[in-house]
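Enquirer: Output the structure for:
(chains A and B)
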Amino acid sequence: MKNILSSTLNTIKADMDTDISSPGRYRLLRRKIVSLMALVTLLPLLSLAGINYYEHQNTMTAEIQAPLRALVGKAKHSFELFLAERISAVSFIASAYSFNELSDDANLQRIFQVMRREFTGFVDLGLIDPTGRQITYSGPYDLVGRNYSEQAWFQQVQFKGTYVSDVFLGFRKFPHVVIAVRHTTESGQSWVLRATLDTMHFDRILAAMGLGPGSDAFLVNHHGVLQTESRRYGRVLDKLPFELPPTNFESNVQSVREPDGQNVFIATAFVADTDFALVAVKPKPTAFSTWYTVRIDLLFIFVSGVVIIFLAVYRVTSLLITRLQESDEQRLGAIHQMEHSQKLSSIGRLAAGVAHEINNPLAIINEKAGLMRDIMGLRPDFPEKEKFARQIEAILRSVDRCRGITHRMLGFAKRMDVKIEVLDLNAVLVETLGFLEREAEYRNVELVRELAPDLPNVPSDHGQIQQVFLNIMNNALAAVPDGGRIVLRTWDESENFVAISIQDNGCGMSDETAKNMFEPFFTTKKEKGTGLGMSITYGIVKRLGGEIKVMSKLNEGTTMTILLPKHSVEG
Amino acid sequence: MEEPNILLIDDEEAFVTTLQERLEMRGFSPRVALNGQAGLDMITQEPPDVVVLDLRMPGMSGLEVLRRIRKGWPGLPVIMLSGHGSDQDFESCLNLGAARYHKKPLDIDVLLESIRAVTQGNHPAR
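Expert: All right, here's what the predicted structure looks like:
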């Protein structure tokens, strides 16, 4: 248990450390936490339910067994009493009358009549002398003169004094039991009195047990042969389909599996002075019917509990994971932004160094060219003055261009001071468009303006906004083919933002390019671009408190959308 | 009026000598020092009317030279030149009492205008 917990915890910890951008990580984490929490919360419930089930079952079993045991005990006593009475009756007659009196047929007839009146169940009565010969007989058959000396029961009664036989079917095919008693006088003369009992009375005793439907009770001898009819296992003298469990004289309940697979409770007890065992059978489902009703209620409570716990665990975990995911994303975003600004700042330092190094030689070229012009100016007779003047002008113009470049680089490097003024963005957009209109016209590119006439003025930096627009429009113009189309839109985005979009139907970008387009030095224009334009644009928009978004599809075009705050932001 | 006496302090010899020559063509007689210490020595020998000083020099920096000039010759106007155009530099120079600040490369006419302005007592200004 401890091992399972710690290993699950370890895998969760390991998951927390793995790459947070890996897909499916949160799903896996959620699954693991849910299983762990469910395990921790459900395990006590399950063990409690298990213990409860076990205890309850024991109690219920005891409650089923006790009445069954008592019932068998009582019925056994009824049998013992019944048989003892009959044996006593036969024994009394054997003792009370002399051999001669019993040898008289009329006498025996009379005694038998009285006996039948006083004790139910007797079928016949006969006197047998010590040699095993039937002397007299009173009953439905003619048995006088029969010799029993070779029969086992006769030898047993000679030996033990009394004998109760197993059940057998008589000539009329109904079950009987024989009771035989030996009597020996003081003079040493002995005889055996033999009576036959109808076992109908056994059935009455069993019926008096009042067993429910499906239950059964019967007598069986120690060979497992039925002595009375059984509801479950057949007729008299059939064999029991299973081994009788160990039995003694105290009634005893055991659980037995029948050959057909049904589990039953069997209560057994030997009936004293006989070879019989009394058996009562109660099938388990019947025995447990009350118990099952209780169980269903408990099971319902248990299952609802499990479901509620599981739902709660799942809900809490989901909430937790969502929060975790959000915070991871925020952290990732922050790291990304930090990386970006760090990159920008190191590039800024690099640009500043480069600009500085170039400005000094540029100043020398400027002065040298200036000097050449000065010298020429002082000498009106300078040969080919015009031609040289043109060359010098070209040099100075180039110096000017270089100065422009280095100043822009320095501008990128230095922390740009934002000069906020209230701007009409439509006007700034149109003004910026002025720089590009000639190129667009020349290349037959259609410039469409869909500007919201009631766009609110926003506080922003004119120069920087213009640079942003210019950078994006330049890219759009570079992307569209001759005869292409660029659409400029402005609209009131929300309570806090206005939006400007610049859409072209140019070559578009791959997802990879779109992802990297704001990175410094990332360019697709090869040697024609510095790779700083979009990076600067991004920096400016962020500094102005805005957002910049790109939507692009390869060969279909690109839409850049800028959101600018309506109210000035700190920082 | 006589043209002001100019001292140029810059470690870029090609730049400063060419500038000297061009100024001479315009009727000035600027002196040249190729490092800060030499410049200060020249000021000690004969104080000029205006100093044109490069910001970044090996050894003693332009800012240090400026600081010493302000200390020793409080009335002497200094025009700072720099190839590096950071706002901090610009602010430091003005705080230390530079009269003007120009980015290299610059037009000689702009420099001349500054020289005229500061020697006529119009400083401090840009």
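Enquirer: Most proximal residue of chain B with respect to chain A?
Expert: B:Gly83 (3.2 Å; CB to the nearest CB). Backbone N, C-alpha and C define where each C-beta goes, glycine included.
Enquirer: surely that residue meets A:Asn359?
Expert: Yes - checked against CB atoms under 8 Å, the pair B:Gly83 and A:Asn359 is within contact range at 3.2 Å.
Enquirer: Can you check which residues contact both of these two?
Expert: Between them, B:Gly83 and A:Asn359 share these contacting residues under CB atoms under 8 Å, 6 or more residues apart in numbering or on different chains: B:Lys103, B:Lys104.
Enquirer: Packing partners of the worst-scoring helix or strand of chain B on mean pLDDT?
Expert: Lowest on mean pLDDT, DSSP states H and E among the helices and strands of chain B sits helix B:87-95, with a mean of 77. Packing contacts for helix B:87-95, counted by 3 or more CB pairs under 8 Å, 6 or more residues apart in numbering or on different chains; DSSP states H and E, involve helix B:62-72, strand B:100-103.
Enquirer: Just checking, which helix or strand succeeds the one helix or strand A:Glu386 maps to along the chain?
Expert: Element membership for A:Glu386, per DSSP states H and E: helix A:385-413. The helix or strand immediately downstream of helix A:385-413 is strand A:421-423, counting by DSSP H and E.
Enquirer: Relative to the whole chain's centre, how far out is stretch A:246-261?
Expert: 42 Å (CA atoms, centre = their mean, to the nearest Å).
Enquirer: can you give me the end-to-end distance of it?
Expert: 20 Å (CA to CA, to the nearest Å).
Enquirer: hey, C-alpha coordinates of stretch A:454-464 in PDB?
Expert: Extracted C-alpha coordinates of stretch A:454-464, given in PDB (Å, rounded to 0.1, in the frame of the first residue of the first chain):
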ATOM      1  CA  ASP A 454     -16.100  57.700 -35.500                       C
ATOM      2  CA  LEU A 455     -12.900  56.000 -34.200                       C
ATOM      3  CA  PRO A 456     -12.100  57.600 -30.800                       C
ATOM      4  CA  ASN A 457      -8.800  59.400 -30.500                       C
ATOM      5  CA  VAL A 458      -6.200  57.600 -28.400                       C
ATOM      6  CA  PRO A 459      -3.200  58.900 -26.400                       C
ATOM      7  CA  SER A 460      -0.100  57.500 -28.100                       C
ATOM      8  CA  ASP A 461       3.300  58.400 -29.600                       C
ATOM      9  CA  HIS A 462       2.900  59.800 -33.100                       C
ATOM     10  CA  GLY A 463       6.400  58.900 -34.400                       C
ATOM     11  CA  GLN A 464       6.300  55.400 -33.000                       C
END
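Enquirer: buried sites along it?
Expert: A:Leu455, A:Val458, A:Pro459, A:Ser460, A:Asp461, A:Gln464 (16 or more other CB atoms under 10 Å in any protein chain shown).
Enquirer: Please report how far A:Ala207 lies from A:Ser230.
Expert: Look at A:Ala207 and A:Ser230: by CB to CB, to the nearest Å, they are 13 Å apart.
Enquirer: More neighbours: which of the two?
Expert: A:Ser230 (20 against 10; other CB atoms under 10 Å in any protein chain shown).
Enquirer: can you tell me which helix in chain A is longest?
Expert: helix A:289-378 (DSSP state H).
Enquirer: That one to helix A:385-413, inter-axis angle?
Expert: Orientation check (axes from the mean of the first three to the mean of the last three CA atoms, to 10 degrees): helix A:289-378 against helix A:385-413 gives 150 degrees.
Enquirer: how about helix A:289-378, does it get close to chain B?
Expert: Yes - figure legend: helix A:289-378 in contact with chain B (CB under 8 Å from any CB of the partner chain); contacting residues A:352, A:355-360, A:362-368, A:370-371, A:374-375, A:378.
Enquirer: Going through those residues, which ones are buried?
Expert: Using 16+ other CB under 10 Å, the buried ones in the residues of helix A:289-378 next to chain B are A:352, A:355-356, A:358-360, A:362-368, A:370-371, A:374.
Enquirer: OK, contacts around the spatially most central residue of chain B?
Expert: Residue closest to the average C-alpha location in chain B (CA atoms, centre = their mean): B:Val52, at 1.2 Å. Contacts here follow CB under 8 Å, 6+ apart; on that basis B:Val52 touches B:Ile6, B:Leu7, B:Leu8, B:Ile9, B:Asp10, B:Leu19, B:Pro30, B:Val78, B:Ile79, B:Leu81, B:Leu111, B:Ile115.
Enquirer: Could you pull up phi and psi at it?
Expert: Reported as degrees, to the nearest 10, the phi and psi values for B:Val52 are phi -110, psi 110.
Enquirer: who's it bridged to?
Expert: Listed by DSSP bridges, the beta-bridge partners for B:Val52 are B:Leu8, B:Ile79.
Enquirer: okay, it: pLDDT?
Expert: Listed pLDDT for B:Val52 reads 94.
Enquirer: where's it relative to B:Ser29, distance?
Expert: 14 Å.
Enquirer: cool, and A:Arg403?
Expert: 29 Å.
Enquirer: Which one's more surrounded, the two?
Expert: A count of neighbours by other CB under 10 Å puts A:Arg403 above the other of A:Arg403 and B:Ser29, at 20 against 11.
Enquirer: residues contacting the more buried one?
Expert: A:Asn359, A:Leu362, B:Pro105.
Enquirer: quick one on the thing from earlier: for the longest helix of chain A, the averaged confidence score.
Expert: Across helix A:289-378, pLDDT averages out at 82.
Enquirer: Who are the packing partners of that helix?
Expert: Helix A:289-378 packs on helix A:25-96, helix A:385-413, helix A:533-543, helix B:13-25, going by 3+ CB pairs under 8 Å, 6+ apart.
Enquirer: got CSV for those, with distance to A:Phe168 and mean pLDDT too?
Expert: Formatted as CSV, the helices and strands packed on helix A:289-378 follow (distance: least, CB to CB, whole Å; pLDDT from 0 to 100):
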stretch, distance to A:Phe168, mean pLDDT
helix A:25-96, 16, 85
helix A:385-413, 122, 82
helix A:533-543, 111, 83
helix B:13-25, 145, 92
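Enquirer: if you compare those, which one is most tucked away?
Expert: Most buried of the helices and strands packed on helix A:289-378, by mean neighbour count (mean count of other CB atoms under 10 Å in any protein chain shown): helix A:533-543, with a mean of 21.
Enquirer: Show me what that one is packed against.
Expert: helix A:289-378, helix A:462-479, strand A:547-553.
Enquirer: Send me that helix as CSV with only the CA atoms.
Expert: Extracted as CSV, the C-alpha positions of helix A:533-543 are listed here (Å, rounded to 0.1, in the frame of the first residue of the first chain):
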residue,chain,number,x,y,z
GLY,A,533,11.6,45.7,-38.3
MET,A,534,9.0,43.4,-36.8
SER,A,535,10.9,43.1,-33.6
ILE,A,536,11.0,46.9,-33.2
THR,A,537,7.3,47.0,-34.1
TYR,A,538,6.5,44.5,-31.4
GLY,A,539,8.6,46.4,-28.9
ILE,A,540,6.8,49.7,-29.6
VAL,A,541,3.3,48.2,-29.5
LYS,A,542,4.1,46.5,-26.2
ARG,A,543,5.6,49.7,-24.8
